[in-house]
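A.B. asks: This is the structure alone, sequence omitted:
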């Protein structure tokens, strides 16, 4: 799994289109093994990014949860603290 893909669901404020697109791009890069595709593969690569982005958006808007919404800043601080504890 891609470590750089962040959880986008159940945050306040909700994930933006740019965040969803960036996640889709990272996912397609991981699957294809290309950071940037060749001209011959560019159309297929971009189509895959658009399709994954659309599917991710559909998923995020259709999910329901009973847990309280998480605050992005609080979660970011928790991640920084875990990083400091792990790496010093």
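C.D. replies: Yes, it's here. Everything numeric here is computed off the predicted structure, so don't read it as measured data.

A.B. asks: Next, the buried residues of the host helix or strand of residue 58.
C.D. replies: Using DSSP states H and E, the element containing residue 58 is helix 42-62. Buried residues in helix 42-62, counted by 16 or more other CB atoms under 10 Å: 45, 48, 49, 52, 53, 56, 57, 60. Where C-beta positions appear, they are placed from N, C-alpha and C, glycine not excepted.

A.B. asks: what about the helices in this structure?
C.D. replies: Ranges of helices in the chain, per DSSP state H, are 17-32, 42-62, 72-87.

A.B. asks: so who does the residue positioned nearest the centre of the chain touch?
C.D. replies: Residue closest to the average C-alpha location in the chain (CA atoms, centre = their mean): residue 23, at 3.0 Å. Shown in contact with residue 23 (CB atoms under 8 Å, 6 or more residues apart in numbering): 5, 6, 8, 53, 56.

A.B. asks: State the pair within those that is farthest apart.
C.D. replies: 6 and 53 (14.6 Å; CB to CB).
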